[in-house]
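Participant: Sequence unavailable; structure follows:
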């Protein structure tokens, strides 16, 4: 699998990705998985390898992503390109993974966009990766934080 060479892109580390899937556990099996700001697609591709039934990737610059998607059967994924807030994301997802470029988008804005779009399935979970140094106003978020795990400068917050 190739990684983007763009300095703006920060792929999820192997350690953090392993911890993410350990936390999600059996929920991945058979799920509809949405990978926002998917970059190289490593997280969505791993979701497929762990049994996700369908993966949707949303990425503004999908060149590297498209190269890596050659690893997956075409019938199990779709790609939406362009700005997240203008994207036409349809359906409801059991798991939504979000890994925006640190400092470029607010967690509050992205989670409220998801709520307005109505794309989180009932009993679904959102896993949001962010810099552990980023201040987040949880009062502005319409989901409940159920757990938070720190890995060095990275934090993954889980919402339902």
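Facilitator: Okay, I see it. The structure displayed is predicted, hence computed values, not measured ones.
Participant: now the helices: where do they sit in this structure?
Facilitator: Taking DSSP state H as the test, the helices found in the chain are 14-24, 42-49, 63-68, 107-117.
Participant: Buried residues in the last one, which are they?
Facilitator: What it means is helix 107-117. For helix 107-117, burial by neighbour count (16 or more other Cβ atoms under 10 Å) applies to 107, 110, 111, 113, 114. No exception for glycine: its C-beta is placed from N, CA and C like everyone else's.
Participant: returning to what we had before: export the helices of the chain as JSON lines, with columns for mean pLDDT.
Facilitator: Shown next, in JSON lines, are the helices of the chain (pLDDT from 0 to 100):
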{"stretch": "helix 14-24", "mean pLDDT": "90"}
{"stretch": "helix 42-49", "mean pLDDT": "95"}
{"stretch": "helix 63-68", "mean pLDDT": "90"}
{"stretch": "helix 107-117", "mean pLDDT": "95"}
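Participant: could you dump these to TSV with distance to residue 153?
Facilitator: Below are those laid out as TSV (distance: least, Cβ to Cβ, whole Å):
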stretch	distance to residue 153
helix 14-24	10
helix 42-49	18
helix 63-68	23
helix 107-117	16
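Participant: hmm, back to that, the buried residues of helix 107-117 into TSV, with extra columns for distance to residue 124?
Facilitator: Listed next are the buried residues of helix 107-117 as TSV, based on distance: Cβ to Cβ, whole Å:
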residue	distance to residue 124
107	17
110	15
111	13
113	15
114	10
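Participant: Looking at these, which one is closest to residue 138?
Facilitator: Among the buried residues of helix 107-117, residue 107 lies closest to residue 138 (Cβ to Cβ), at 9.0 Å.
Participant: ok, the closest one to residue 155 distance?
Facilitator: 10 Å (Cβ to Cβ, to the nearest Å).
Participant: shared neighbours of the two, anything?
Facilitator: Common contacts of residue 107 and residue 155 (Cβ atoms under 8 Å, 6 or more residues apart in numbering): residue 130.
Participant: So which residue is dead centre in the protein?
Facilitator: residue 97 (2.2 Å; Cα atoms, centre = their mean).
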